[in-house]
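In: Next one to model:
(chains A and B)
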Amino acid sequence: KQEVTQIPAALSVPEGENLVLNCSFTDSAIYNLQWFRQDPGKGLTSLLLIQSSQREQTSGRLNASLDKSSGRSTLYIAASQPGDSATYLCAVLGYDYKLSFGAGTTVTVRA
Amino acid sequence: GAVVSQHPSRVICKSGTSVKIECRSLDFQATTMFWYRQFPKQSLMLMATSNEGSKATYEQGVEKDKFLINHASLTLSTLTVTSAHPEDSSFYICSAEPRGAHNEQFFGPGTRLTVL
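Out: Alright, predicted model coming up:
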């Protein structure tokens, strides 16, 4: 059974600092890994999707890396802003086409 | 493109009643839809996989007679929580997999269910 772990569970940084969020998974038999953003009481917003054959994906200030063999992914958010405050979820798509989610990292960016 | 809606966004009901939640893919056809449940400060847990025209597949520990799923068309799946109890209070999120594309799901905005 796939287990997805996200560390840290919570993170508070001053505005302008870079954010580093970690995700690890136990089974490397995945099609892809996806990072989502979730605001309180809201649904999921997809940020980046990395196919299993890829090493990283970038979108604006966001960069995500994937090391499938070691079961790790890292989401980097450069020059954080208060609007980046949210919970960030990592999810992997297994060969059964089911997504397994981590518990998330709750980020607070202080102005 | 790839928009998924859920209705209602929020519902409050009395214990013992049934509640239906709709999940619609607005601009694509979805042969497969997924239902997730999220308790406060926890992650999403897959409840069931809904395939158009066939019975849903439930994850271990999810009661199929309590959480009725119907996927009658390529754009609509419904989840009915029967005889709801306060412990069923949760955030329910659906996702839809575009027809022919197995490696990506698009998520709805979620439904907050509160059972009194």
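
In: In contact with the residue in chain A that chain B sits nearest to: list those residues for me.
Out: As assessed by CB to the nearest CB, chain B sits closest to A:Gly43 within chain A, at 3.9 Å. (C-beta placed from N, C-alpha, C; glycine too.) Residues near A:Gly43 by CB atoms under 8 Å, 6 or more residues apart in numbering or on different chains: B:Gln6, B:Ile93, B:Phe107, B:Gly108, B:Pro109, B:Gly110.

In: Same question for A:Gly102.
Out: A:Val4, A:Thr5, A:Gln6, A:Cys23, A:Leu89, A:Cys90, A:Ala91, B:Ser43.

In: Redo those as a markdown table? Include neighbour count.
Out: Shown next, in a markdown table, are the contacts of A:Gly102 (neighbours: other CB atoms under 10 Å in any protein chain shown):
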| residue | neighbour count |
| --- | --- |
| A:Val4 | 22 |
| A:Thr5 | 15 |
| A:Gln6 | 22 |
| A:Cys23 | 26 |
| A:Leu89 | 26 |
| A:Cys90 | 27 |
| A:Ala91 | 25 |
| B:Ser43 | 19 |
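
In: Can you give me the neighbour number for A:Asn18?
Out: A:Asn18 has 11 neighbours, counted by other CB atoms under 10 Å in any protein chain shown.

In: hmm, I was thinking of A:Ser69
Out: With other CB under 10 Å as criterion, A:Ser69 counts 7.

In: what are the ranges of the strands in chain A?
Out: Using DSSP state E, the strands of chain A run over A:4-7, A:10-14, A:19-25, A:30-38, A:44-51, A:56-59, A:62-67, A:72-77, A:86-94, A:99-101, A:105-110.

In: partners of the first one in the sheet?
Out: Here the strand partners of strand A:4-7, with direction, are listed using DSSP bridges: strand A:19-25 (antiparallel).

In: cool, and the fifth one?
Out: The strands beside strand A:44-51 in its sheet (DSSP bridges) come out as strand A:30-38 (antiparallel).

In: Which residues of chain A lie near chain B?
Out: A:4, A:31-32, A:36, A:41-44, A:46, A:49, A:51, A:89, A:91, A:93, A:97-104 (CB under 8 Å from any CB of the partner chain).

In: Using PyMOL, make a named selection holding only the buried ones among those residues.
Out: To isolate the buried ones among these in PyMOL, judged by 16 or more other CB atoms under 10 Å in any protein chain shown, type:
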select buried, chain A and resi 4+31+32+36+42+43+44+49+89+91+93+98+99+100+101+102+103+104
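
In: Export the contacts of A:Gly43 as CSV, with columns for pLDDT.
Out: CSV is the format used below for these (pLDDT from 0 to 100):
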residue, pLDDT
B:Gln6, 97
B:Ile93, 97
B:Phe107, 94
B:Gly108, 95
B:Pro109, 95
B:Gly110, 96
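
In: can you pick the most crowded of those residues?
Out: Top of the contacts of A:Gly43 by neighbour count (other CB under 10 Å): B:Gly108, with 27 neighbours.
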